[in-house]
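Q: Pasting a predicted model and its sequence here:
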Amino acid sequence: MNKNKANIIFILPSLAAGGAERVMSFIAQNINKEKYNVTLVVIGFEKDKAFEVNNVPIIYLNKNRVFTGLLSYILLFKRLKPKVVISAIGNLNDAMGIVSIFFPKCKFIGRIVNIDSVLKHHPEESNRYYPMILSKIGSKGMDYIICQSKDMYQEALNNPILKKRNLVVINNPITKSFNVKKKSIKHESNKVYKFITVGSLERRKGHLRIIEVLSKLDNMDFEYTIIGNGSQKETIFTKISELNLKSKVTHIPFTNNVAEFLSKSDFFLQGSYVEGFPNALIEACSTGTPAIVYDAPGGINEIIKNGINGYIATDDEDFKNKIGLAVSKEWDAENVHKSVYERYNSNVIINKYEELIDSCLKK
């Protein structure tokens, strides 16, 4: 390590398939190494990684759970002597807040990924639990909180602990160079429209309401690809069978070629009840694929520009109507791409992370 550079640690629970994991590891890989010594620390195991990470040293702590590693984090940080630690996902942020007690000269930045007031109505199945007192203690130890969207920022302002932290909005970046489809999307008689949804098969993602709407489309032939896996898989595919859509639906549990599937699709469909700042949505638009999405908190109203890169629907009937409106319109793929790229390309977002780190180093 270069002793003239500040030591920065990015810490994640795992490198499993997930938006937070991809975004944080991407920032760690691409942040300016001329300015900082960067290390990526992973709580879990190398065998569980779902994607490759390069251009940054990785330390795996081989822990099954975040809070079993508190002593390991303290000993590691004493050795690495970080000036800034950046973590993501709730319980890890809380753990870092507790660890911060032992490192008063280090700045701790937590990145929140959910809007809990809405998410609690669409809980994921989990057997993991930790006392709320740990969350309260940990939240107080954070110097900065990164919010992915304006909705998340407002949520943090309503939290009596988080609102006292330094809050900053930094959106998710477009993490790849996407090839924009060459052809515009326009209505054609007898066309089989290709719809796609990318996301974990969990309640909050709203797959069931998309499927219900698709079953009611009249005089429209389509194919629907679902990419993702999760606890609601059986429920979702039972519903698909009940609605006689099995022959129209293709399921891909996991792929590293999401961009290719997005590019070959006509429209991206999103049924989420809540989001952080949906990576799949900005990636779809990056390929030139417009989106029809339900209105929900989590940056959707920041990303989607009605009639430019897609439509936002208020309910099931409106979602059906917006699909009909979308297929009757001609979409310029390059304009769809520009609508997100100009705002969320990696240079724009990484610069914001570097500005935040620099402000920490000055204090």
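A: That came in fine, so what should we check first? Here the structure is a predicted model, which means the values were calculated and not measured.
Q: the strands in the stretch 251-363 of the chain, which residues?
A: Ranges of strands within the stretch 251-363 of the chain are 267-270, 291-294, 310-313, based on DSSP state E, counting those that start in this stretch.
Q: average pLDDT across the last one?
A: Think strand 310-313. Averaging pLDDT along strand 310-313 yields 98.
Q: Alpha carbons only: can I get that strand in PDB?
A: Output in PDB follows, covering the C-alpha atoms of strand 310-313 (Å, rounded to 0.1, in the frame of the first residue of the first chain):
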ATOM      1  CA  GLY A 310     -41.400   4.400 -20.800                       C
ATOM      2  CA  TYR A 311     -44.500   4.800 -18.800                       C
ATOM      3  CA  ILE A 312     -45.500   4.800 -15.100                       C
ATOM      4  CA  ALA A 313     -48.800   3.100 -14.200                       C
END
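Q: Which other helices and strands does it contact?
A: Other helices and strands packing on strand 310-313, by 3 or more Cβ pairs under 8 Å, 6 or more residues apart in numbering; DSSP states H and E, are strand 291-294, helix 316-327. No exception for glycine: its C-beta is placed from N, CA and C like everyone else's.
Q: now the ones you listed as a markdown table including mean pLDDT and mean neighbour count?
A: Below are these laid out as a markdown table (pLDDT from 0 to 100; neighbours: other Cβ atoms under 10 Å):
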| stretch | mean pLDDT | mean neighbour count |
| --- | --- | --- |
| strand 291-294 | 98 | 26 |
| helix 316-327 | 97 | 18 |
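Q: Switch the strands of the stretch 251-363 of the chain over to JSON lines; also include distance to residue 196.
A: Converted to JSON lines, the strands of the stretch 251-363 of the chain look like this (distance: least, Cβ to Cβ, whole Å):
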{"stretch": "strand 267-270", "distance to residue 196": "6"}
{"stretch": "strand 291-294", "distance to residue 196": "10"}
{"stretch": "strand 310-313", "distance to residue 196": "13"}
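Q: and residue 185, which of the ones you listed is closest to it?
A: Residue 185 lies closest to strand 267-270 among the strands of the stretch 251-363 of the chain, at 7.6 Å (Cβ to Cβ).
Q: Could I get the full set of helices for the stretch 101-250 of the chain?
A: Secondary structure of the stretch 101-250 of the chain by DSSP state H, counting those that start in this stretch: the helices cover 116-119, 132-140, 150-157, 207-214, 233-242.
Q: Comparing these by mean pLDDT, which bottoms out?
A: Sorting the helices of the stretch 101-250 of the chain by mean pLDDT places helix 132-140 lowest, at a mean of 70.
Q: need the contact list for residue 50.
A: 15-17, 21, 254 (Cβ atoms under 8 Å, 6 or more residues apart in numbering).
Q: let's see it at 6 Å
A: Counting by Cβ atoms under 6 Å, 6 or more residues apart in numbering, residue 50 makes contact with 16-17.
Q: Run through the strands of the stretch 1-150 of the chain in chain order.
A: In the stretch 1-150 of the chain, the strands defined using DSSP E, counting those that start in this stretch lie at 6-12, 36-42, 58-60, 84-88, 107-111, 144-147.
Q: Any chance of a markdown table for these, columns distance to residue 276?
A: What follows is the strands of the stretch 1-150 of the chain, written out as a markdown table (distance: least, Cβ to Cβ, whole Å):
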| stretch | distance to residue 276 |
| --- | --- |
| strand 6-12 | 15 |
| strand 36-42 | 20 |
| strand 58-60 | 24 |
| strand 84-88 | 10 |
| strand 107-111 | 9 |
| strand 144-147 | 9 |
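Q: sorry, back to before: pick the most deeply packed of the helices of the stretch 101-250 of the chain.
A: The highest mean neighbour count among those, using mean count of other Cβ atoms under 10 Å, belongs to helix 207-214: a mean of 20.
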